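A.B. asks: Sharing a model prediction with you, sequence too.
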Amino acid sequence: MVDFLIFLKNNLAEHFALYFIPLYILGGRPTAILSAQLTGYTNFFLLPVVVMLDILQVPVFFYLFGTISKNGWVLGFRERNAQKQKKIINSKLFSKLQILGLPGVLIVTSLPVKGCGMLSGFLLTRIIGLPKPVTYLLLGFGSIAGCLMVTGLGEIVILMF
């Protein structure tokens, strides 16, 4: 592991601007932040860039969600599965998601693990039925909290090596 970190630091530092966006797209927020920290970039550079990249995803999610939900195939699928939707709405998982509400969106958005992040937080806001301004606000705060968590973890890793 240490050899891999040293390899990344030596080879990515020179052309890191070329690698940052692909690392963010493929590995997400933790990969981008940790790799930037290991190559010597400051947190004042990292946090605004990663939060901006996170927030730029939200309009794409709104567009895709709106386009897919208006598709004729999806509308037909919804009509056929009306009874299943009633079961889902009455399920324990759905009720727990609704109880979590706004703090749940912040938690899901900020966790630096696979399966959590901006898309999961966005889907949770759609399930709960939050309006666009509240969605942007919650996802923005969740992104900032997640970036701070990953940055703190990166600082700990750097201090250990």
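C.D. replies: Looks like it arrived, so ask away. For clarity, every value in this text was computed on a predicted model and none was experimentally measured.
A.B. asks: for the host helix or strand of Val134, packing partners?
C.D. replies: Val134 is part of helix 132-160 when elements are defined by DSSP states H and E. Packing partners of helix 132-160 (3 or more C-beta pairs under 8 Å, 6 or more residues apart in numbering; DSSP states H and E): helix 16-38, helix 43-69, helix 92-110, helix 118-128. For glycine as for every other residue, the C-beta is placed from the backbone atoms N, C-alpha and C.
A.B. asks: what about it, average pLDDT?
C.D. replies: Helix 132-160 shows a mean pLDDT of 88.
A.B. asks: Report the buried residues of that helix.
C.D. replies: Buried residues in helix 132-160, defined by neighbour count with 16 or more other C-beta atoms under 10 Å: 135-136, 138-147, 149-151, 154.
A.B. asks: Among these, list the two that are farthest apart in space.
C.D. replies: Thr135 and Gly154 (27.9 Å; C-beta to C-beta).
A.B. asks: Okay, now the unreliable bits of the chain?
C.D. replies: 1-2, 4-6, 8-17, 69-91, 93-98, 115 (pLDDT under 70).
A.B. asks: Now with 80, please.
C.D. replies: Under the criterion pLDDT under 80, the flagged ranges of the chain are 1-21, 23, 35, 38-46, 66-101, 113-116, 127, 157-158, 161.
A.B. asks: Now do the contacts for Phe45.
C.D. replies: Ala36 (C-beta atoms under 8 Å, 6 or more residues apart in numbering).
A.B. asks: returning to that earlier point: closest to Leu26 out of the buried residues of helix 132-160?
C.D. replies: For these, the nearest to Leu26 is Val150 (15.7 Å; C-beta to C-beta).
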